[in-house]
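# Got a predicted model here, sequence first, then my questions.
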Amino acid sequence: MVTRLLDVAAQRRILSLLVLRDIKLRYSGTVLGYLWTLIEPLSLAAVYWLVFTVIMGARNLGEQPYLLFLLVGMLPWNWFSSAASAGCKSLTAEAKIVRSANVPREIWVVRVVISKMLEFMFAWPIIVLLALLYRHGVHWQIVFVPVAMVLQFAICLGVALILAPLSVLVEDVQRVVRIVLRIGMYLTPIIYGINDVSTRGGSAAKFAALNPFSGIICLYRAGFWPDQEAPLVLFVTSVIAAVLLLVAGLAVFRKLEGPVLKEI
């Protein structure tokens, strides 16, 4: 597995060209271009803000300002969701090149995860703008953001490496992934905060402790709301999940590479 990762790293020039091509295709043919990276998450967060704070009157949900709170949680989830969905199609979309190109085939999955990570990073200016508009301070815990990104990258890559070959061999995988991602967003502390779950205790707190994204979302939010009391077990779960999923992803991809090449 280590050898395969080193082989992918050795092809970093090809990988960078593939990522650059994906980014260009993302914005080509659109009038607003890069602005769509800001408009899409902001519009969705605005809808949730309207529903929960204005219509339902849930004033104590999450932290204030709630719109900023939502976006800091939604942007990482969008990265994971889009990486998982694109990972399902990463091999079939480039079937002829995947079969013939003399490069490690993991590179087609890695390129998808990096492309979605860059889109995630491109959307962060809206976080900065909202923080300035709300005059919301940033604390030293903002240094945890790179840590959260490393953990999330490992999780996204592991999941995408599992889904890419499975989607080729089993057509239903993509449909299942769409359903799981929709459910997963509401089971992850994005619309609500980890404190909202912790105060309830019982099964809700236990489930949050098993969700690897609970700790990651808390790391992203720590720089804006340092008073969040996130249990240490959340971060431990995130680290363990990142390692296990990455190892599992590499193993599954290597195991199924032969059958996949016969299928595509």
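Thanks, I have it.

# Over to Pro165. Which of the three states is it?
helix (DSSP: H, G, I helix; E, B strand; the rest coil).

# these two touch, right, it and Glu257?
Yes. Between Pro165 and Glu257 there is a contact under C-beta atoms under 8 Å: 6.8 Å. Yep, even glycine has a C-beta here, placed from its N, CA and C like the rest.

# And the two? Which one has more around it.
Between Pro165 and Glu257, counting by other C-beta atoms under 10 Å, Pro165 is the more crowded of the two (27 against 16).

# Can you tell me the closest non-neighbouring residue to the more buried one?
Spatial nearest neighbour of Pro165, excluding adjacent residues (C-beta to C-beta, 6 or more residues apart in numbering): Leu256 at 3.8 Å.

# ok, now Arg111?
Nearest to Arg111 is Leu18, by C-beta to C-beta, 6+ apart, at 4.2 Å.

# Next one: the one you found from Val47, what distance?
34 Å (C-beta to C-beta, to the nearest Å).

# related to what we said a few turns ago, dump the residue contacts of the residue nearest to Arg111.
107-108, 111 (C-beta atoms under 8 Å, 6 or more residues apart in numbering).

# OK, contacts around Ile114?
Contacts of Ile114 by C-beta under 8 Å, 6+ apart are 15, 19.

# tally of neighbours for Asn195?
18.

# Sorry, wrong one. I was asking about Val47.
11.

# Give the buried residues for the helix or strand where it lies.
According to DSSP states H and E, Val47 maps onto helix 35-49. By neighbour count with 16 or more other C-beta atoms under 10 Å, helix 35-49 contains the buried residues 37-38, 41-42, 45, 48-49.

# And for stretch 252-264?
By neighbour count with 16+ other C-beta under 10 Å, stretch 252-264 contains the buried residues 252-253, 256-257, 260.

# which residues are contacting that stretch?
Taking C-beta under 8 Å, 6+ apart as the rule, stretch 252-264 contacts 1, 4, 91-92, 95, 98-99, 105-106, 109, 161-162, 164-166, 168-169.

# Now list the buried members of those.
4, 91, 98, 105-106, 109, 161-162, 164-166, 168.

# for those, which one is nearest Ala209?
Ala209 lies nearest to Ile162 out of those, by C-beta to C-beta, at 22.9 Å.
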